[in-house]
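In: this is a predicted model, with the sequence first.
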Amino acid sequence: MVLLDDAPRALRDPETVALRRVMLAEPHVAPLARYVQALRAQHPTWEFQDFDPMDGGVHADMLFLLEKPGPMTSPTGKKQGSGFISRNNDDPTAEGVFRFMQEAGIPRKRAVLWNVIPWWDRSIKFTTAEVRRGIEELRNLLPLLPAIRTVVLIGGQARRALPLLQTLRPDLRICTSAHPGRQVYRFNPDQWKAIPAQWKAAGLTQDEVSAAP
């Protein structure tokens, strides 16, 4: 059955994944697809997953920056993943992102998802050097996202991108939240429960921010 609706874990269905791959040629996401292809050519031993064409692509005004892709983004893993950085992936973190976006009332076309470490190397572990390298790669990504006005740094590693973002784009509004993964849910449930409200606040327009008491 093809899951055409925008639902949690929709990308567990291979036909739905195939439809998303066709959508990568659409104008709002094609520049980002070319960017990912270039990353793959530069680093052939790592996997770089595609931006989800259901999101806003180059027209998005909000960048949600997580930490590192997980195994269910990988199409070559033991349990085949989607090949996308997507809220529709078949894993708990993606499902959390999906539900929290809904609770926050952020339209999908406003958002684009990425990771501060943008590659999957068959391990959820990472080094400080890898985080630094991933942060530096934002220099190449941000020019492809001209409509971005707000960046949400999700989790401790993503927050380390703050100094570079402030240097590259001092006009950006930068917000933070905990990571919507199971570790935070288990060990810091109050932080996990606060995520929807934090994302909702991040989603306010500049006029709405100025009008707030």
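Out: Right, received. Where do you want to start?
In: doesn't residue 197 belong to a helix?
Out: Yes. With DSSP: H, G, I helix; E, B strand; the rest coil as the criterion, residue 197 is assigned to a helix.
In: how about the contacts made by it?
Out: For residue 197, the contact set (CB atoms under 8 Å, 6 or more residues apart in numbering) comprises residue 104. For every residue, glycine as well, the C-beta is placed using N, CA and C.
In: point out where the protein drops to low pLDDT.
Out: For the chain, the stretches flagged by pLDDT under 70 are 1-5, 206-207, 209-213.
In: which stretches of the chain form helices?
Out: Applying DSSP state H to the chain gives helices spanning 14-23, 30-42, 92-104, 128-141, 156-159, 162-168, 182-187, 189-202, 206-211.
In: would you list the ones you listed in TSV and tack on distance to residue 112?
Out: What follows is these, written out as TSV (distance: least, CB to CB, whole Å):
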stretch	distance to residue 112
helix 14-23	14
helix 30-42	8
helix 92-104	12
helix 128-141	10
helix 156-159	14
helix 162-168	15
helix 182-187	22
helix 189-202	13
helix 206-211	19
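In: for those, which one sits closest to residue 147?
Out: Residue 147 lies closest to helix 30-42 among the helices of the chain, at 12.1 Å (CB to CB).
In: can you list the buried residues in that closest one?
Out: Using 16 or more other CB atoms under 10 Å as the test for burial, helix 30-42 gives 32-33, 35-36, 39.
In: which one of those residues is nearest to residue 201?
Out: Looking across these and measuring by CB to CB, the closest to residue 201 is residue 32, at 26.3 Å.
In: excluding chain neighbours, what is closest to that closest one?
Out: residue 51 (4.4 Å; CB to CB, 6 or more residues apart in numbering).
In: shouldn't residue 168 be in contact with residue 139?
Out: Yes. Between residue 168 and residue 139 there is a contact under CB atoms under 8 Å: 6.6 Å.
In: of those two, who's got more company?
Out: A side-by-side neighbour count of residue 168 and residue 139, using other CB atoms under 10 Å, places residue 168 first with 14 against 11.
In: contacts only, for the closest residue to the more buried one other than its chain neighbours.
Out: Nearest residue to residue 168, sequence neighbours excluded (CB to CB, 6+ apart): residue 142, at 5.9 Å. The neighbourhood of residue 142, defined by CB under 8 Å, 6+ apart, consists of 148, 168-169.
In: and residue 142, how far from residue 156?
Out: 21 Å (CB to CB, to the nearest Å).
In: how about residue 9?
Out: 26 Å.
In: over to residue 128?
Out: Applying CB to CB, the value for residue 128 to residue 156 is 12 Å.
In: which of the two has more neighbours?
Out: Set residue 128 next to residue 156 and count neighbours by other CB under 10 Å: residue 156 wins out with 12 against 9.
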